[in-house]
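In: Can you look at this prediction? I've put the sequence above it.
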Amino acid sequence: MNGSARNLVRLLGASGLIVVAAAALNFTVDPLQFFRPAHFFAAMYSQDSRLQDAGLIRSQDFDTVFMGTSLAIHLRQSDIDRTLGVKSLKLALNGSSSREQVFVLAAALERHPGRVLWEVDDWIFHDVPDIDSNVYLPADLYRGNARGVAGYLLSGRMARESAWIMARSIPPLQPVVARLTSDAIFKFPISSVDDINALRPDFDVAAAYNEKRAITAFRHITDPVRRKYLADDTDYDMKVRVFERDAIGLIASHPDVRFDIYLPPYSILQWVAMRDASPGTLNSVFKFSAYFCRRLAAFSNVRLHDFRSVSEVTHDLNNYADVIHPSPAVDLEVLSWLAEGKYLVDRAAPVASLDRLKAQVEAYRLEDIER
């Protein structure tokens, strides 16, 4: 064997050893807790829900799954558990479509929880590429197939995270490594599952959620230059098709699971923005909402809660960071409403709450905020 061949063999051998070492490290530390709950090393978690949820589903004990978008992302599992008397798993995904949500929920339902709490808004039901085309969600890891497991074990980036978690678990190094851990550098900077996508205790709620911010957001989205955004995803037939495929498909295939679905309390300005800047959009949204409410009323394993017309919340603009995102205090109110069964949609009158919302939107006047 000549020198070039020997060097090639050595290179291949060294590369193979690196790959094997990375796989062994990832399997041993298991940053996502995909194979087992954390035991030998301190559990660490990521704010990247699309990645982290794949591990949470496998490692956590739960009887209730919580799903939603950014309108639900800051809720803590401990608050859900305490208020509703459940053992929950929060799987909310920022900016998620119904296709993503249903895929993740289906994976969680394989663990046989008895209940799903699901924050749903009209805009999650839109056409998106199939789940395997989503570069942000590791679909094969959720499936637990060979491709997903191999990608996880052989990932060099995951090996770096594993090495960092291992270092943080060594008592003499723990204080230094903990101070150096940053979500700008590492994907797993969080030491408690309750802190995943939760606001920090020192977060300035008053500065983030107030009337000024809500009114600024309203003026931004109703500006003639930008208001075309309000007309996005208003194809009624498309939304019905996606809703039937995703939400109804999941509900109908799990008749033994109780689904508590709730429509979140947007500020009144969201609806008024559509009323004044894009009335066709508002009509389309209301039409779909009526279909949505009537369709869900037909399922005995679904309870629908409609918080959109709770005027003491939705008309108080100090509750909002923009025209849709409510404050942490409102999030806790939502949990209490769910626990009490308040604002439950009557199966015999499934659009009554929608009619109340329509009346509020029609009657609302902007004079007070336009000074």
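Out: Sure, I can see it.

In: Only C-alpha atoms from now on, for both contacts and neighbour counts.
Out: Noted.

In: and for stretch 86-93, what are the contacting residues?
Out: Contacts to stretch 86-93, defined as Cα atoms under 8 Å, 6 or more residues apart in numbering, come from residues 49-50, 53, 56-57, 60-70, 72-73, 76-77, 80-81, 101, 104.

In: Are any of those buried, and if so which?
Out: Using 16 or more other Cα atoms under 10 Å as the burial test, those include 49-50, 53, 56-57, 62-70, 72-73, 76-77, 80, 101, 104 as buried.

In: Of those, which belong to strands?
Out: 64-67 (DSSP state E).

In: can you list those in CSV and add pLDDT?
Out: Output for these, formatted as CSV (pLDDT from 0 to 100):
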residue, pLDDT
Thr64, 98
Val65, 98
Phe66, 98
Met67, 98
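
In: and the residues you listed as JSON lines, adding distance to Asn319?
Out: Below are those laid out as JSON lines (distance: Cα to Cα, whole Å):
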{"residue": "Thr64", "distance to Asn319": "28"}
{"residue": "Val65", "distance to Asn319": "26"}
{"residue": "Phe66", "distance to Asn319": "22"}
{"residue": "Met67", "distance to Asn319": "22"}
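
In: Which members of these are the farthest-apart pair?
Out: Thr64 and Met67 (10.0 Å; Cα to Cα).

In: tell me, what's touching these two both at once?
Out: Common neighbours of Thr64 and Met67 (Cα under 8 Å, 6+ apart) are 116-117.

In: hang on, the earlier thing: among the ones in strands among the buried ones among the contacts of stretch 86-93, pick out the one closest to Gln270, please.
Out: Met67 (22.2 Å).

In: Confirm for me that that closest one is in contact with Val102.
Out: No - applying Cα atoms under 8 Å as the test, Met67 and Val102 come out as separate, 9.2 Å apart.

In: In stretch 345-364, which residues are buried?
Out: Judged by neighbour count (16+ other Cα under 10 Å), stretch 345-364 contains these buried residues: 345, 347, 350-354, 357, 360-361.

In: Strands along the stretch 151-300 of the chain, start to end?
Out: 258-263 (DSSP state E, counting those that start in this stretch).

In: Okay, helices next: where are they in it?
Out: For the stretch 151-300 of the chain, applying DSSP state H, counting those that start in this stretch gives helices covering 156-168, 174-180, 205-208, 211-222, 236-243, 249-252, 268-277, 279-296.

In: Any chance of CSV for those helices, columns distance to Val193?
Out: Formatted as CSV, the helices of the stretch 151-300 of the chain follow (distance: least, Cα to Cα, whole Å):
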stretch, distance to Val193
helix 156-168, 15
helix 174-180, 16
helix 205-208, 22
helix 211-222, 30
helix 236-243, 31
helix 249-252, 27
helix 268-277, 32
helix 279-296, 32
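
In: could those helices go into a markdown table alongside mean pLDDT?
Out: Below are these laid out as a markdown table (pLDDT from 0 to 100):
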| stretch | mean pLDDT |
| --- | --- |
| helix 156-168 | 87 |
| helix 174-180 | 60 |
| helix 205-208 | 96 |
| helix 211-222 | 94 |
| helix 236-243 | 96 |
| helix 249-252 | 98 |
| helix 268-277 | 95 |
| helix 279-296 | 95 |
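
In: Can you lay out those as TSV showing mean neighbour count and distance to Ile190?
Out: Below are the helices of the stretch 151-300 of the chain laid out as TSV (neighbours: other Cα atoms under 10 Å; distance: least, Cα to Cα, whole Å):
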stretch	mean neighbour count	distance to Ile190
helix 156-168	20	11
helix 174-180	13	10
helix 205-208	14	21
helix 211-222	18	29
helix 236-243	17	34
helix 249-252	16	32
helix 268-277	20	34
helix 279-296	18	37
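
In: Would you mind measuring from Asn319 to Gly341?
Out: Remark: distance between Asn319 and Gly341 (Cα to Cα, to the nearest Å) = 22 Å.

In: So for the two, which sits in the more crowded spot?
Out: Asn319 (26 against 14; other Cα atoms under 10 Å).

In: Can you name the residues that contact that one?
Out: Asn319 is in contact with 209-211, 313, 326-327, 329-330, counting by Cα under 8 Å, 6+ apart.

In: which of those residues count as buried?
Out: 209-211, 313, 326-327, 330.

In: Need the max-distance pair from the residues you listed.
Out: Glu211 and Val330 (14.5 Å).

In: Phe186: what's its closest spatial neighbour, skipping adjacent residues?
Out: Nearest residue to Phe186, sequence neighbours excluded (Cα to Cα, 6 or more residues apart in numbering): Glu161, at 6.7 Å.

In: hang on, that neighbour packs against Ala167?
Out: No - the pair Glu161 / Ala167 is not scored as a contact, 9.9 Å apart, by Cα under 8 Å.

In: what residues are shared contacts of these two?
Out: Contacts common to Glu161 and Ala167, judged by Cα under 8 Å, 6+ apart, are absent.

In: Pull the contacting residues for Leu354.
Out: By Cα under 8 Å, 6+ apart, the contact set of Leu354 is 286, 289-290, 308-309.

In: Double-check that it belongs to a strand.
Out: No - per DSSP: H, G, I helix; E, B strand; the rest coil, Leu354 lies outside any strand segment and is helix.
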